[in-house]
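Enquirer: let's see this in three dimensions:
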Amino acid sequence: MQLLGSLGVDLKLLLAQIINFAILLWLLNKLLYKPIVKRIEDDEKEMQQVVEERKILDKEKTEFEKKRHNTLSKVKKEAEKIITEAENISDNMQKRIHAEAETEKDKIIKQIKSRLKDLND
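Expert: Here you go, the predicted model:
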């Protein structure tokens with residue numbers, strides 16, 4: 001005890017400083033450290049949720065793009081089929097109209113020849 005006194009250390013003052021330091025550590029732990037750690041943990045959880053949601057959204061986007069591509073392919077095939085059918089119908093109608101016109105032309109020519117023949121006789 002005298003050794004500390006001879007070194008210029010007051011035992012009462014040292015004890016008071018140790019108690020003050022312990023109180024300061026307790027206050028800092030209670031008021032700063034725990035709230036900051038809790039905030040950091042909450043932020044990490046939120047970031048993890050955001051990352052998971054992003055993965056889900058990316059997966060849904062990929063699925064949507066695949067469905068969109070498939071739908072567009074089906075629509076294009078159906079449109080090509082409809083166009084081909086329309087072209088075939090158009091060709092058939094054109095052939096039928098030409099055939100009817102040819103038949104009608106032949107009938108008119110026969111009628112004209114018949115009338116000419118009747119006139120000549």
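
Enquirer: ok, longest helix in the chain?
Expert: Scanning the chain for the longest helix, with DSSP state H as the assignment, gives helix 34-120.

Enquirer: off-centre distance for that one?
Expert: 23 Å (Cα atoms, centre = their mean, to the nearest Å).

Enquirer: Met43 and Asn29: what is the separation?
Expert: Quick fix: residue 43 reads Asp, not Met. Using Cβ to Cβ, to the nearest Å, one obtains 20 Å as the distance from Asp43 to Asn29. Any C-beta I mention is one placed from the backbone N, CA and C, and that applies to glycine too.

Enquirer: quick one: mean pLDDT over the longest helix of the chain.
Expert: For helix 34-120, the mean pLDDT works out to 94.

Enquirer: same question for stretch 10-21.
Expert: Taken as a whole, stretch 10-21 has an average pLDDT of 90.

Enquirer: any idea how far it is from the middle of the chain?
Expert: The answer for stretch 10-21 is 66 Å, by Cα atoms, centre = their mean.
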